[in-house]
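Asker: requesting a structural model of the entry that follows:
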Amino acid sequence: MAKKSELQNIFERNQYDLANIAKKSRSWFDQQVQAMARQGVTPNKVLQSEASQLATKIVPGNMYMYFYDPKMKQTLPYYDRFPLVLPYRATADGFIGLNLHYIKKKGVAFYRHPNFLT
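Answerer: The predicted model follows:
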């Protein structure tokens, strides 16, 4: 029998029950929304936040949500006005990141798995 590759071993160690993970994820999200509602946080308040409440430094691995108004929007078939991004590389004028809104649900669940790549 052939020896398993390291990549195969990683995937075997990180198998999960997608339905269970989705339920836990939804429960966590609902708790966060309820906590924000108790604090009086609304979408309009977030969009009108003071500059002192905004991130001034992008840290790879943290998640960021922001308003996006592309310069060339007339040429784009679609775009995300409020991307939720995981930056992974800094550039001279910003960053390169992964927009979680464009990932299929299975991919997001895999990323959120607590034993991911352990």
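Asker: assign Ala35 to helix, strand or coil.
Answerer: helix (DSSP: H, G, I helix; E, B strand; the rest coil).
Asker: residues in contact with it?
Answerer: The contact partners of Ala35, taken as Cβ atoms under 8 Å, 6 or more residues apart in numbering, number zero. Every residue, glycine included, has its C-beta placed from N, CA and C.
Asker: and the one 5 residues further on, by the same measure?
Answerer: With contact set as Cβ under 8 Å, 6+ apart, Gly40 has no partners.
Asker: just give me how far stretch 33-48 sits from the chain centre.
Answerer: How far stretch 33-48 lies from its chain's middle: 19 Å, per Cα atoms, centre = their mean, to the nearest Å.
Asker: any stretches of this structure with poor pLDDT?
Answerer: Counting by pLDDT under 70, the ranges of the chain that qualify are 1-11, 13-16, 18, 51-53, 105-118.
Asker: state the phi and psi torsions of the spatially most central residue of it.
Answerer: Residue closest to the average C-alpha location in the chain (Cα atoms, centre = their mean): Leu100, at 4.4 Å. Torsion angles at Leu100 (phi, psi; degrees, to the nearest 10) stand at phi -70, psi -20.
Asker: please name the nearest non-neighbouring residue to it.
Answerer: Take Leu100 and drop its neighbours on the chain: the residue closest to it by Cβ to Cβ, 6 or more residues apart in numbering is Leu84, 4.6 Å away.
Asker: against Gly40, how distant is the one you found?
Answerer: Per Cβ to Cβ, to the nearest Å, Leu84 is found 22 Å from Gly40.
Asker: same thing with Gln48?
Answerer: 13 Å.
Asker: same deal with Pro60?
Answerer: The value you get for Pro60 to Gly40, if Cβ to Cβ is used, is 31 Å.
Asker: cool, and Met63?
Answerer: Met63 is 22 Å from Gly40, by Cβ to Cβ.
Asker: where does Leu98 sit: helix, strand or coil?
Answerer: Under three-state DSSP, Leu98 falls in the strand class.
Asker: ok, what's across the strand from it?
Answerer: Listed by DSSP bridges, the beta-bridge partners for Leu98 are Leu86.
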